[in-house]
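>>> all I have is the shape, not the residue letters:
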């Protein structure tokens, strides 16, 4: 059921996803195409905000701030999954894999590589961490004001 907290969380985590993707751009290799990274990150942010954070409000501001951090981690995970699958598909079109199992295993390796790139960007970590804490706390306040 739509609530103000879910809508607010979707909006805030879309901004967090967009900001985190923007923050990781400087550490990406120059040869890497960013393509749809920004809109996909924003879209996944909106989905995680709505479905994860939006359903976790209703306790206290402090607990919701922690749940916002959890939502940021969930957002990072799903962005890594999507980016890993897309990169695996690009490589598979160049016939880089011998069989399907090798391609599936490479998704995990690609996700780990992308995670290492994200960790190199302090901007991304600050946006995910502080943004998640603030968005979670504000989502709780929104749920109290407009139940």
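Thanks, I have it. Note that the structure is a prediction, hence the values are computed from the model and not measured. Numbers count the residues shown, from 1 in each chain.
>>> which SS state does the residue nearest to residue 80 when sequence neighbours are not counted fall under?
In space, and not counting its chain neighbours, residue 80 is closest to residue 111: 4.4 Å by CB to CB, 6 or more residues apart in numbering. From N, CA and C alone the C-beta is placed, and that goes for glycine too. Of the three states, residue 111 takes helix under DSSP: H, G, I helix; E, B strand; the rest coil.
>>> contacts for stretch 102-118 next, please.
Counting contacts by CB atoms under 8 Å, 6 or more residues apart in numbering, the residues outside stretch 102-118 that touch it are 20, 24, 27-28, 76, 80-81, 83-85, 87-88, 91-92, 97, 124-125.
>>> ok, back up a step: okay, the residue nearest to residue 80: pLDDT?
Looking at residue 111, its pLDDT is 96.
>>> correct me, but residue 64 touches residue 56?
Yes: with contact defined as CB atoms under 8 Å, residue 64 reaches residue 56; the gap is 6.8 Å.
>>> can you tell me how far the residue of the chain positioned farthest from its centre is from residue 88?
Distance from the C-alpha centroid of the chain, by CA atoms, centre = their mean, peaks at residue 98 (30.8 Å). Distance, residue 98 to residue 88, using CB to CB, to the nearest Å: 13 Å.
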